[in-house]
Each structure stands twice: as structure tokens, then as C-alpha cells.
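Participant: structure, please.
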Amino acid sequence: MAIEFQAQASASPRASSQQDLITALLGLWITFGGFIDGFAHRNLDTPETFFTPWHGVLYAGYVAMAAWIISLVRRHGRIPVGYTTALAGVGVFAAGGIGDMFWHMLFGIEVSVDALLSPTHLLLLVGALLMLSGPIRSRAADPNDQPRSLNDFWPPLIGFACVAAQLGFFFQYIDGFSIRFMQVAYVPGSEEGFFEVATGIAGILITTVIVMGPLLLMMRRWRLPFGAGLLMFALVGLLMEMLEGYDFPEDVIAALLGGITVDLLLRLHPPISIRVFAFLVPVVMWSVRFAVFAQFAEINWPVSVWTGIIVFSGLAGVGLSLLAYPPSVLVTVDRLYTGQPSQERKGKALGGSDAARLDQNA
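Facilitator: From the prediction side, this is the model:
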């Protein structure tokens, strides 16, 4: 399913770039508060109560976000373009927070995977994602919006990075950047190590989807300025490693190199197909992950398993690119950066209104 970003009626008020940036930063506050709470639960002897300092950071960020979004509506006299879902997120998050308090009173404090699957916590996730959509949708609704540098792109970049980080948070039990199941021996044909290898494979594939999905959506709408890939992947990797208490800082290297790969591949000459791009980014990222891991511990998976999952991750990236871009059009990343038209599969060059339409779709 291709996702389209369409401009709303010109009569609707628009938030300014500074206002979108404030919304994105408040979303980063909420995201950081969630990770602080996760760090406390995993690394500290936290009290079994809803009222903790860590929850205070999270919900203070929500109160600030809610007050800010409501103030935007009042300031403009109506809901600004792109902020309808963000305003809905304010209500959804409030319902999740109130429900979470009563849930803890009735059923106690969840631990481990239970906390990540709690219905009220999932409601908080949905509310946070909806609020984060505000600056993304606001900027995407402007057909003339294209960043000239990172300074022009902070609101959607922070928004998409926080979306990926929050999704990663709720799959932290199989996070590909931090799992260390590769050191558990797997004996093919037996049950020894089967759970660890199956979980590790799932973790790498899910993490690939979590980081590549938002990335491809950003590329579909904007020409990413240099450094956007590194900053997005770095934020996700650093926040996920926070949950481990930074006991294994080398685990962040894969995310950093994955982001650098994004920035370099987008500026290759001659350009590459979007399918090749979507294949190479996860392949490089997970190759680095296994290479770095091998410097600190022993990989006890058969070579066919760890090389196979690297290739599989690349195929997952290609699959995501087929969802993000129409499969009937061969898209090369140079068009996103030079404005050159794509070609249809039959080889017919597109021009004029067709090229403009594809630029909006991409």
C-alpha cells in the first residue's frame, strides 16, 4: 500500500517551522521519558507503584505536548494543517495514562514482556505516535517543502526517528541491535539453541522493518539532507542501548554505520535503484553487527545462518521498498536529489505533469 501525503485546503492555517520544531522536540521529550522509565525498570530497583520519578518525566512531557498542541489550535483559531491526528493523540494518550493507573491498581505493576504488551501501555504508544505525526504531516502537506540542509529538516526527522525508537522500545525483547543470542550454540537438527537462533532471526528482521520503514517513507516525500540517515539511526541505536545501561556500547556501531551507509548511498554517482538501496542498507548494517560482535564474543551460529539472515534482511528491505514505492515505476534515488524524471518499466521517459506527479508521490 503506497502512502500518499496530500496537501489540505489552502484555507486551513499552517503551523510555522518553529512551531513544528517545538512539537517534534516535545515528542522527543516523551520518547526519552519512556526510555528512562524502561531503563529504570530493567536496571534499577524501582518501587512497585505508578507514581515514580520516571513516570513523572514521561507524563510531564505529555502535559507539555498537550498544552502546546491545544495552544496551537487556539492561536490559529482552528486545527492547523496536519495536526488533526496529533490532537486526537492527546486524547488517546490521556485515556491510556488514566487507564494505566487503574490497571496497576487492579493488576499490579507489569514486568518484562508483560509491560510491553499491556493494553494500556499500547494505548500510550498509539497516542504518542499520533502526536508525533503532527510535525511530519504538517511539513508533508506543503507540496513545496524540500529541505536545503539539516536545519530545514529537523521537525520531520525528529518525528520519524522518535516513531522508529518508540516502535523499537516495544520490541526491545528482540531488538536486533542488542540481542546476543549469536553466542549461544545452535545445533541444526536438534532443539539445542533453536529458541535463541529463532528469536535472533526474528529480532533482526523486525528491527530492519522498524528502521527501514520510516526511512523509506521520508525518502518518498523529501530529499533527505546529508546526515539525516546517520542522525536517525544513531538516535534509535543509542536509545535502545540505553535500556541495556550501555553495558555493551559497541552494539551501537551497527546503527551508526547503517546511518552512514544511507547518507553515502543516496549520493552515489551513477545512482542506484531504490530496490538496490533498500537491499544494501540492512545488509551493510547487519554485516557490521556480526563483525563487531565477533570482536568481543564468539559467534556460535552456523555460517549459513548468520550469512543467511544478513541476506534475508536485505530482502526485507526490498519488500518494504515495494510498499513505499509503486512497483510499476523504477525509481532511482538520483531523482529525489536532482529532480530528474524516473522511467517506467517499459523504458518510456516521463516528463511534464507525469514527473511532477511522481515527485509528489515520492
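Participant: average pLDDT for stretch 212-229?
Facilitator: Taken as a whole, stretch 212-229 has a mean pLDDT of 94.
Participant: got the CA positions of that stretch in CSV?
Facilitator: Provided in CSV are the C-alpha atoms of stretch 212-229 (Å, rounded to 0.1, in the frame of the first residue of the first chain):
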residue,chain,number,x,y,z
MET,A,212,13.8,1.0,7.2
GLY,A,213,10.1,1.7,7.1
PRO,A,214,10.2,5.3,8.4
LEU,A,215,13.4,5.9,6.4
LEU,A,216,11.7,4.9,3.1
LEU,A,217,8.6,7.0,3.9
MET,A,218,10.9,10.0,4.5
MET,A,219,12.6,9.4,1.2
ARG,A,220,9.3,9.1,-0.5
ARG,A,221,8.3,12.6,0.4
TRP,A,222,11.6,14.5,0.9
ARG,A,223,15.1,14.8,-0.5
LEU,A,224,17.0,13.8,2.7
PRO,A,225,19.8,16.2,3.5
PHE,A,226,23.2,14.7,4.2
GLY,A,227,23.4,13.4,7.8
ALA,A,228,19.7,12.6,8.1
GLY,A,229,20.3,8.9,7.9
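Participant: contact partners for residue 53?
Facilitator: When contacts are counted by Cβ atoms under 8 Å, 6 or more residues apart in numbering, residue 53 touches no other residue. C-beta here means a position set from N, CA and C on the backbone, and glycine is covered the same way.
Participant: what are the boundaries of the strands in the stretch 251-362 of the chain?
Facilitator: For the stretch 251-362 of the chain, the strands defined by DSSP state E, counting those that start in this stretch occupy 329-330, 343-344.
Participant: okay, now the spatially closest residue to residue 43 that is not a sequence neighbour: neighbour count?
Facilitator: Nearest non-adjacent residue to residue 43, counting by Cβ to Cβ, 6 or more residues apart in numbering: residue 245, 4.6 Å away. Applying other Cβ atoms under 10 Å, we find 11 residues neighbouring residue 245.
Participant: what does the pLDDT read for residue 245?
Facilitator: pLDDT, read off for residue 245, is 86.
Participant: ok, the one 4 residues further on next?
Facilitator: Predicted confidence (pLDDT) at residue 249: the value is 89.
Participant: and it, what does it touch?
Facilitator: Residues near residue 249 by Cβ under 8 Å, 6+ apart: residue 241.
Participant: ok, it to residue 90 distance?
Facilitator: Distance, residue 249 to residue 90, by Cβ to Cβ, to the nearest Å: 36 Å.
Participant: and the contacts of stretch 84-100?
Facilitator: Identification of contacts with stretch 84-100 by Cβ under 8 Å, 6+ apart yields 23, 50, 59, 62, 65-66, 69-70, 73, 79, 118-124, 126-134, 137.
Participant: buried subset of those?
Facilitator: Buried by 16 or more other Cβ atoms under 10 Å: 23, 59, 62, 65-66, 69, 73, 79, 118, 120-121, 123-124, 127-134, 137, out of the contacts of stretch 84-100.
Participant: give me the subset of the residues you listed lying in helices.
Facilitator: Per DSSP state H, helices hold the following members of the buried ones among the contacts of stretch 84-100: 23, 59, 62, 65-66, 69, 73, 120-121, 123-124, 127-134, 137.
Participant: the residue lying closest to residue 305 once chain neighbours are set aside: how many residues sit nearby?
Facilitator: Computed as Cβ to Cβ, 6+ apart, the closest residue to residue 305 that is not its neighbour in sequence is residue 197, at 6.1 Å. For residue 197, the count of nearby residues is 23 (other Cβ under 10 Å).
Participant: quick one: contacts for residue 197?
Facilitator: So residue 197 contacts 181, 184, 186, 301, 305 (Cβ under 8 Å, 6+ apart).
Participant: need the max-distance pair from those.
Facilitator: Within the contacts of residue 197, 184 and 305 form the most distant pair, 11.6 Å apart (Cβ to Cβ).
Participant: what helix or strand does the residue nearest to residue 305 sit in?
Facilitator: Applying DSSP states H and E as the criterion places residue 197 in helix 194-221.
Participant: ok, residue 102 next?
Facilitator: Using DSSP H and E, residue 102 sits in helix 84-107.
Participant: average pLDDT for that helix?
Facilitator: In the prediction, helix 84-107 has an average pLDDT of 91.
Participant: go through that helix and flag the buried ones.
Facilitator: Applying 16+ other Cβ under 10 Å to helix 84-107 flags 84-90, 92-94, 96-97, 99-100, 103-104 as buried.
Participant: which residues sit in contact with the most centrally placed residue in the chain?
Facilitator: Nearest to the geometric centre of the chain sits residue 164, at 1.8 Å (Cα atoms, centre = their mean). The neighbours of residue 164, taking Cβ under 8 Å, 6+ apart as the test, are 210, 211, 213, 214, 232, 236.
Participant: give me the neighbour count for the last one.
Facilitator: Counted by other Cβ under 10 Å, the residues lying close to residue 236 total 29.
Participant: again with the fifth one
Facilitator: Each residue near residue 232 was counted by other Cβ under 10 Å, and the total is 27.
Participant: also the third one?
Facilitator: Burial of residue 213, expressed as a neighbour count using other Cβ under 10 Å, amounts to 18.
Participant: can I assume it is in contact with residue 320?
Facilitator: Yes: Residue 213 lies in contact with residue 320 (Cβ atoms under 8 Å); the separation is 5.7 Å.
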